[in-house]
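In: Next comes the sequence, and after it the predicted model I'd like to discuss.
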Amino acid sequence: MKHLKTALLLLFILSLALVLHGQNVASKSTKYYKVSYPEAWEVQEIDENVFTAFAKGNPMIPLTLAIVVTDIDEEDAEKGLTALAEEMLEESGEEFEEMGLEPEIDIEISEETRLNGIPTYHYTMSVGIMGLTTHTENYLFQSGQKLIVMSVVGAKEDLEENAEAISEIFKSFRLTKTD
């Protein structure tokens, strides 16, 4: 009986290693967060506070993971995620209008919730500009005086086709430091 349990345990460990190996994931770790994403995605880091990874495919609206870390002052840090998210969405709309664009913005989900046990503000939306429509799934986190926005952006079909990979990205996200 002891040998059977040992054999089953060994088989389980080997199968787990094969499953993890088959996923072909890469990771990004900073002093504020850690996230995994498909290894085949092309990475671009604009600076230490902006990370993006792109899926190959749709040239017009590439499927993109973007994580942005920004400083917030003490007053903003005390507002809470909902107020910060609402201000951010309002400012984004104003920026489009200042550029002479009047986007069609449809916010589908907008709620304070938790992701992997972390308080977050989750919102999904579609934005139509000049005949192109992008869809985004966004999570807004606060870590002390840092605001961390994680978004996956793409065409609706690409988001649906890659739903499992996107879900795994979100499941992997962790905050690594609180100020």
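Out: Done, it's in.
In: moving C-terminal of the lowest-mean-pLDDT helix or strand in the chain, what's the next helix or strand?
Out: Counting by mean pLDDT, DSSP states H and E, the chain has its least confident helix or strand at helix 2-23, which shows a mean of 41. Sequence-wise, the next helix or strand downstream of helix 2-23 (DSSP states H and E) is strand 25-29.
In: Tell me what angle the helix or strand just after that following strand forms with strand 25-29.
Out: Per DSSP H and E, strand 25-29 leads on to strand 33-38 as the next helix or strand towards the C-terminus. Per axes from the mean of the first three to the mean of the last three CA atoms, to 10 degrees, the angle that strand 33-38 makes with strand 25-29 is 160 degrees.
In: What are the contacting residues of the helix or strand just after strand 33-38?
Out: Next helix or strand after strand 33-38 toward the C-terminus (DSSP H and E): strand 42-47. With contact meaning CB atoms under 8 Å, 6 or more residues apart in numbering, strand 42-47 is reached by A26, K28, F51, T52, A53, F54, K56. All C-beta spots, glycine's among them, are computed from the backbone N, C-alpha and C.
In: do stretch 105-122 as well
Out: Contacting residues not belonging to stretch 105-122 are listed as 80-82, 84-85, 89, 93, 123-128, 137-142, 170-171, 173-175 [CB under 8 Å, 6+ apart].
In: so what does the helix or strand encompassing T134 touch, helix or strand wise?
Out: Per DSSP H and E: T134 is located in strand 132-143. Judged by 3 or more CB pairs under 8 Å, 6 or more residues apart in numbering; DSSP states H and E, the packing partners of strand 132-143 are helix 81-98, strand 118-129, strand 146-154, helix 156-161, helix 163-172.
In: Tell me which residues of the longest one come out buried.
Out: Spelled out, that is helix 81-98. Neighbour-count burial for helix 81-98, with 16 or more other CB atoms under 10 Å as criterion, is recorded at L81, L84, A85, M88, L89.
In: Quick one: mean pLDDT over it.
Out: Helix 81-98 carries an average pLDDT of 80.
In: same for that helix, what does it pack against?
Out: So helix 81-98, by 3+ CB pairs under 8 Å, 6+ apart, packs with strand 104-115, strand 118-129, strand 132-143.
In: starting at the chain centroid, how far to the second one?
Out: Put simply, strand 118-129 sits 10 Å off its chain's centre (CA atoms, centre = their mean, to the nearest Å).
In: cool, and the first one?
Out: Relative to the chain's own centre, strand 104-115 is displaced by 13 Å; criterion: CA atoms, centre = their mean.
In: Give the pairing partners of that strand; include direction for each.
Out: Next to strand 104-115 in the sheet, as set by DSSP bridges, lie strand 118-129 (antiparallel).
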